[in-house]
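Trainee: Using only what follows, build the 3D model:
(chains A, B and C)
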Amino acid sequence: MKGVILGIQPEASIVDISHEVKPFDIMDGAYTIAQAYRYFPRRTVHVIVVDPGVGTERRPILAEAAGQFFIAPDNGVLSMIWDREATHKVRAIANELLFLPARSRTFHGRDIFAPSGAHLAKGVAPARFGPLVKDYTQLMVLKPQRTARRVWTGAVLKIDRFGNLITNFHIDEFPDMATRPFEIAVGFEHTHRLVSTFAEAASDELVAIVGSSGYLEVAFNQSPAAKRLGCGTGAPVELTFLK
Amino acid sequence: MKGVILGIQPEASIVDISHEVKPFDIMDGAYTIAQAYRYFPRRTVHVIVVDPGVGTERRPILAEAAGQFFIAPDNGVLSMIWDREATHKVRAIANELLFLPARSRTFHGRDIFAPSGAHLAKGVAPARFGPLVKDYTQLMVLKPQRTARRVWTGAVLKIDRFGNLITNFHIDEFPDMATRPFEIAVGFEHTHRLVSTFAEAASDELVAIVGSSGYLEVAFNQSPAAKRLGCGTGAPVELTFLK
Amino acid sequence: MKGVILGIQPEASIVDISHEVKPFDIMDGAYTIAQAYRYFPRRTVHVIVVDPGVGTERRPILAEAAGQFFIAPDNGVLSMIWDREATHKVRAIANELLFLPARSRTFHGRDIFAPSGAHLAKGVAPARFGPLVKDYTQLMVLKPQRTARRVWTGAVLKIDRFGNLITNFHIDEFPDMATRPFEIAVGFEHTHRLVSTFAEAASDELVAIVGSSGYLEVAFNQSPAAKRLGCGTGAPVELTFLK
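Mentor: This next block holds a predicted model:
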């Protein structure tokens, strides 16, 4: 992919956001781009290749949001960006002149997404990629759902490299957590405590903490919660306000 | 290595092709560069450090093929490039003025390959690195061998991160596979089916698929064949045309 | 972090030294930067984020040594640089104008270290970051201690990706090893042999070797010593001169 990009736009400054998205895991990919994009400069082109449906009819899309560009398969991997950026535009990428001439059916990252991103970075106008569309995929599972009067059910979006469980509860949507008593349950464990730093947690104490991108994490201090709770990506997380 | 390169040629645009080549595995290294180089721009300098013999008498080489440069130990890691690029030139790198002044015996990647690559990228002529040679290493094991009238025996070159088995059968050398009935056997399993996309495979169906670089892969859809078949790099792969 | 850096200094050439430092392991981080920095050009800005105390009172520091810059938490991760570079200057980073305006308590790498590094690379003078300090953290454990007349006790600093045990014995401090008979003991094993290349080791022979940065390694040829000896980072290493 990088060879293709530099062949089209030699001035590109290429950054790897992550090579550790779990294979085939759209939820992990959605979180990974959602927590990173706001820290990049305007007009950055993000190329997202979490693409279990490669070679099928799922189309490639080009989104504009927050002054940046996103090229991805239309499989919901940008859903958290739709949620957070009310004004966004989405195009179906259809202009084959902007792809590699010979295309495989198993690596569109290299053959379609990378060359499209490079042409965009070089200055090709978004409108030349394809028409605006409204029927792009939005995954509802990426937002917590209210399941009782004081209860929301969400999910683990990602296990980070420290074994912390990153959930889909964003503090901006649950600002009450700082002041109202609550319980967060994951696996067979729960916690009532929101800490500001990992160092505040007692040894072997499960705590909640607002992660660096605003998503709530469930964690032990310097010990992998995922392993100790036996939880992985997709595990349910229940938030109950106790009064 | 990157510090050394930027010290010599600050304008270098450095790309990591892979940090996941299996330690000491020349076959894995050979496949990794073979599937990538054609996608890079002309005059790219590839530096390949898969070097189990570091510190012994194995020499460093500089190859020119397909309008690009390759710096590597002379241990066969470029064999698949010799196969695919009929016109190539190989030099033994001998000019110590182009190395770091102090050299270790365990990290020639940093002390010899990286500075040589940086000088080449900066414009030093290939001829200044050393004389043309003909006796460079070619590993025959990297090509399938005909073992009976309708039978070829090859090998697994690499397990990719999805657990797919990438073989050394290149579709350009076996174009009949698309039309003649065949059997591919790996471990205790076999398949008769060549699919175009992973999504075509039934659940639990082992299939063959032409990978994104033309090499045949043996795979399940979204499930690691390497683990389920108990096969690793080097495992034999037998292709039989049934008529 | 890279998005933040490029937003401040778009001309930055960003290199990843390692993403494989063991989580929370200051010793591993200390070794990783110590073995790399001398190979980078003058005025390189190294940003080191091995930061188990993030969000607590530990301060960020900016060090100048060997013509380069180092931005890190003041937790001892630069101790091996203090040892090797007699003339170094250290400042407490305090100028919040050089940080991101909104700061998390769990990811100072992104919010403090990265923007500080980018401003420094862009030309902001070191003195503008904060005052010189003398009371920065130095970890004594990172140097071998003399424990008897002919005995030094050190430690394993890092397990490399080949499973070799990298120790904190630097050949410059123990030049006698090349000529005096010695024993190095790790776990329940020991060796008397210093080789120049891995290939000199017999099959199943444990040997000592001077690594590419001058630190002594204990290793088998093409086989992981860490696994076979059951040793990890921090395991004691004893060097005895036999006469």
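
Trainee: Could you pick out the residues of chain A near chain C for me?
Mentor: A:13, A:15, A:36-37, A:39-41, A:44, A:161-162, A:196-199, A:209-213, A:222 (Cβ under 8 Å from any Cβ of the partner chain). The C-beta positions use only the backbone N, C-alpha and C, and glycine is treated the same way.

Trainee: Can you say which of these are buried?
Mentor: The neighbour-count criterion (16 or more other Cβ atoms under 10 Å in any protein chain shown) marks A:13, A:36-37, A:39-40, A:44, A:162, A:197-199, A:209-213 among those as buried.

Trainee: and these, which two are the farthest apart?
Mentor: Farthest-apart pair in those is A:Ser13 and A:Ala199; separation 35.7 Å (Cβ to Cβ).

Trainee: List the contacts of A:Glu11.
Mentor: For A:Glu11, the contact set (Cβ atoms under 8 Å, 6 or more residues apart in numbering or on different chains) is empty.

Trainee: quick one, phi/psi of it?
Mentor: With angles defined as degrees, to the nearest 10, A:Glu11 sits at phi -90, psi 0.

Trainee: how much space is there between it and C:Ala125?
Mentor: Distance of A:Glu11 to C:Ala125, computed by Cβ to Cβ, to the nearest Å: 29 Å.

Trainee: cool, and A:Ile112?
Mentor: From A:Ile112 to C:Ala125 the distance is 47 Å (Cβ to Cβ).

Trainee: Give me the more crowded residue out of those two.
Mentor: A count of neighbours by other Cβ atoms under 10 Å in any protein chain shown puts A:Ile112 above the other of A:Ile112 and C:Ala125, at 24 against 8.

Trainee: ok, the more buried one touching A:Ile93?
Mentor: Yes. Contact criterion Cβ atoms under 8 Å: A:Ile112 and A:Ile93 qualify, at 7.2 Å.

Trainee: Average pLDDT for stretch A:187-197, rounded please.
Mentor: For stretch A:187-197, the mean pLDDT works out to 91.

Trainee: what's the answer for stretch A:154-173, then?
Mentor: Stretch A:154-173 comes out at a mean pLDDT of 90.

Trainee: Would you indicate which residues of it are buried?
Mentor: By 16+ other Cβ under 10 Å, the buried positions in stretch A:154-173 come out as A:154-160, A:162-171.

Trainee: By residue count, tell me the biggest strand in chain A.
Mentor: Looking across chain A with DSSP state E, the single longest strand is strand A:151-159.

Trainee: quick one on the thing from earlier: what do A:Ile112 and A:Ile93 both touch?
Mentor: Residues touching both A:Ile112 and A:Ile93 (Cβ under 8 Å, 6+ apart): A:Pro60.

Trainee: Quick one: the helices in chain A, in order.
Mentor: Assigned by DSSP state H, chain A shows helices spanning A:2-8, A:26-34, A:79-84, A:108, A:114-122, A:225-229.

Trainee: Tabulate the ones you listed (JSON lines), appending mean neighbour count.
Mentor: JSON lines is the format used below for the helices of chain A (neighbours: other Cβ atoms under 10 Å in any protein chain shown):
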{"stretch": "helix A:2-8", "mean neighbour count": "20"}
{"stretch": "helix A:26-34", "mean neighbour count": "24"}
{"stretch": "helix A:79-84", "mean neighbour count": "20"}
{"stretch": "helix A:108", "mean neighbour count": "23"}
{"stretch": "helix A:114-122", "mean neighbour count": "23"}
{"stretch": "helix A:225-229", "mean neighbour count": "19"}
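
Trainee: Format these as JSON lines; extra columns: mean pLDDT.
Mentor: Below are those laid out as JSON lines (pLDDT from 0 to 100):
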{"stretch": "helix A:2-8", "mean pLDDT": "97"}
{"stretch": "helix A:26-34", "mean pLDDT": "91"}
{"stretch": "helix A:79-84", "mean pLDDT": "91"}
{"stretch": "helix A:108", "mean pLDDT": "92"}
{"stretch": "helix A:114-122", "mean pLDDT": "98"}
{"stretch": "helix A:225-229", "mean pLDDT": "90"}
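
Trainee: Indicate which one of these is closest to A:His192.
Mentor: Minimum separation from A:His192 across the helices of chain A (Cβ to Cβ) falls at helix A:225-229, 15.7 Å.

Trainee: Kindly export that closest one (C-alpha atoms) in CSV.
Mentor: Coordinates of each C-alpha in helix A:225-229 appear next as CSV, following Å, rounded to 0.1, in the frame of the first residue of the first chain:
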residue,chain,number,x,y,z
ALA,A,225,-8.5,-6.9,33.0
ALA,A,226,-9.4,-8.7,29.8
LYS,A,227,-7.5,-11.8,31.0
ARG,A,228,-8.7,-11.7,34.6
LEU,A,229,-12.4,-11.1,33.6
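
Trainee: just checking, what packs against that helix?
Mentor: strand A:165-170, strand A:215-219 (3 or more Cβ pairs under 8 Å, 6 or more residues apart in numbering or on different chains; DSSP states H and E).
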